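**Q** Structure of the sequence below:
(one chain, ligands or ions: 1)
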Amino acid sequence: MNHRILKTIGLRALFFMVAGLLSAGAINADYARAEKIPSPLPPFSSRGLFVPETIWAGEPFLISFGAEGLRSLEVIWNGKRLAFAPQAGEETCPVLLAVSLTEKAASLPLILQARWTDGTTRRYAYRLSVRKRNYPVQRITVDAKYVTPPEEERERIKRERAQLRAVIDRISPARYWSLPMLRPVPGEVTSRYGLRRVINGQERAPHKGVDFDANEGDPVAAMDRGVVALTAEHYYNGKIVIVDHGFGVYSLYLHLSDIAVKQGQFVGRGERIGLIGSTGRSTGPHLHLSFAVWGDMVDGATCMGERLPGYIPGVKEQSSDEKAKRQL
Ligand SMILES: [Zn+2]
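**A** Coordinates of the predicted model:
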């Protein structure tokens with residue numbers, strides 16, 4: 001083999017390397033886009049301590065502590081101090097925490113205090129860095145009464161807001177959830193969490209829920225086991241069901257046409273809690289799913305263990321077809 005051939009092979013190798021780098025670059029660009037959408041939370045580990053280094057504003061995150069003889073785990077987070085115990089027959093204590101969509105801090109402290117059955121205690125301190133996603137703007141047109149509610153409805157709206165807040169601020173000591181949780185309806189996401197909304201030309205609060213495509217009368221399934229904490233009919237939310245999954249985790253199902261459960265009732269994972277509708281401030285039949293963790297409305301899609309259609313980069317989030325119009 002002469003020098004010239006070697007050189008050609010060398011150049012070819014270089015060409016392939018560059019081609020390889022280019023396609024790797026294209027993949028990296030995809031990843032960069034994908035990184036802006038929530039990834040499903042990892043399943044909780046059976047042993048050891050799991051705490052993420054980075055968390056995202058508006059998204060729940062998981063911490064998990066598993067140790068032989070663990071009696072309780074005290075969590076100090078975001079101005080709250082709460083103690084959790086492993087459930088019967090378990091030695092792992094998973095806790096969902098969250099940071100609000102409007103969080104300004106670049107990092108937040110997390111303190112854990114573990115207590116064992118023999119009385120030993122240990123304290124762990126962390127600083128979690130808080131990152132923000134770039135949420136797109138969404139423009140919607142609705143009936144004027146839902147942008148500026150009539151005077152006589154203001155009191156009602158205030159009362160309902162307080163009622164909802166009182167429910168989701170409560171932290172129940174039993175954990176009924178596990179990860180991943182179920183998707184409540186099979187349809188695509190037509191409006192994802194966090195979209196910055198301009199309604200009838202006016203800037204409004206961002207979308208603090210996930211809208212799923214569905215048809216009037218379709219069944220709505222509970223994301224996991226839990227206790228029905230509230231059934232009501234609200235001005236904005238329409239017919240609503242709130243399920244308490246324990247440890248401060250709630251799922252809220254809005255705009256229903258029918259409610260199939262009673263307050264205080266225990267529901268199973270996937271159990272029908274009502275039917276799809278368009279009650280309250282809604283532009284057509286769909287499910288608006290809200291998800292609350294320790295009183296913050298965060299992105300429930302993160303707990304579903306799958307990259308939902310509508311969250312996948314490259315798939316249009318806002319199309320102009322009829323289905324995409326059914327939201328709020
Ligand atoms: Zn919505």
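**Q** What residues does the protein have near the ion?
**A** Counting by CB under 5 Å from the ion, the chain comes close to the ion at 209, 211, 288. (C-beta placed from N, C-alpha, C; glycine too.)
**Q** The strand or helix carrying the second one: partners in the sheet, and parallel or antiparallel?
**A** Mapping Asp211 onto the secondary structure by DSSP states H and E places it in strand 210-213. Sheet pairing for strand 210-213, assigned by DSSP bridges, gives strand 189-191 (antiparallel), strand 286-293 (antiparallel).
**Q** Relative to the whole chain's centre, how far out is that strand?
**A** Taking CA atoms, centre = their mean, to the nearest Å, one finds the center of strand 210-213 at 12 Å from the center of the full chain.
**Q** Just name the most buried of the strands paired with strand 210-213.
**A** strand 286-293 (a mean of 26; mean count of other CB atoms under 10 Å).
**Q** pull the CA atoms of that one into CSV?
**A** These are the backbone C-alpha positions of strand 286-293, laid out as CSV (Å, rounded to 0.1, in the frame of the first residue of the first chain):
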residue,chain,number,x,y,z
HIS,A,286,-61.6,18.1,27.1
LEU,A,287,-59.9,17.2,30.3
HIS,A,288,-57.9,19.8,32.2
LEU,A,289,-55.8,17.9,34.7
SER,A,290,-54.2,19.9,37.5
PHE,A,291,-51.7,18.3,39.8
ALA,A,292,-50.8,19.8,43.2
VAL,A,293,-47.8,19.0,45.4
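**Q** that older thread, would you mind writing the CA trace of the strand holding Asp211 as CSV?
**A** Taking C-alpha atoms only, strand 210-213 is exported to CSV below (Å, rounded to 0.1, in the frame of the first residue of the first chain):
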residue,chain,number,x,y,z
VAL,A,210,-52.4,19.7,31.2
ASP,A,211,-55.2,19.6,28.7
PHE,A,212,-56.0,16.3,27.1
ASP,A,213,-58.0,15.7,24.0
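**Q** And the contacts of it?
**A** 183-185, 187-193, 286-289, 291, 299-301, 308, 323, 326-328 (CB atoms under 8 Å, 6 or more residues apart in numbering).
**Q** would a markdown table of the strands paired with strand 210-213 with mean pLDDT be doable?
**A** Output for the strands paired with strand 210-213, formatted as a markdown table (pLDDT from 0 to 100):
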| stretch | mean pLDDT |
| --- | --- |
| strand 189-191 | 86 |
| strand 286-293 | 97 |
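**Q** the strands in the stretch 1-150 of the chain, which residues?
**A** Per DSSP state E, counting those that start in this stretch, the stretch 1-150 of the chain carries strands over the ranges 48-50, 54-56, 60-66, 70-77, 80-84, 92-98, 107-116, 121-131, 137-140.
**Q** I'd like the secondary structure assignment at Glu155, please.
**A** Three states are possible here, and by DSSP: H, G, I helix; E, B strand; the rest coil the one that applies to Glu155 is helix.
**Q** no no, Arg159
**A** helix.
**Q** Quickly note the distance from it to the ion.
**A** For Arg159, the distance to the ion (CB to the ion, to the nearest Å) stands at 21 Å.
**Q** Ok, Thr141 next?
**A** Distance of Thr141 to the ion, computed by CB to the ion: 15 Å.
**Q** so what pLDDT did that residue get?
**A** pLDDT, Thr141: 83.
**Q** Might one say that it is in contact with Gln202?
**A** No. With contact defined as CB atoms under 8 Å, Thr141 does not count as touching Gln202 (10.9 Å).
**Q** Looking at the two, which has the bigger crowd around it?
**A** More crowded of Thr141 and Gln202, by other CB atoms under 10 Å: Thr141, with 12 against 9.
**Q** Just give the number of residues close to the residue lying closest to the more buried one once chain neighbours are set aside.
**A** Spatially, and ignoring its direct neighbours in sequence, Thr141 is nearest to Asn200 (5.7 Å; CB to CB, 6 or more residues apart in numbering). Neighbourhood size, Asn200 [other CB under 10 Å]: 14.
**Q** Quick one: mean pLDDT for the strand holding Asp211?
**A** The model assigns strand 210-213 a mean pLDDT of 93.
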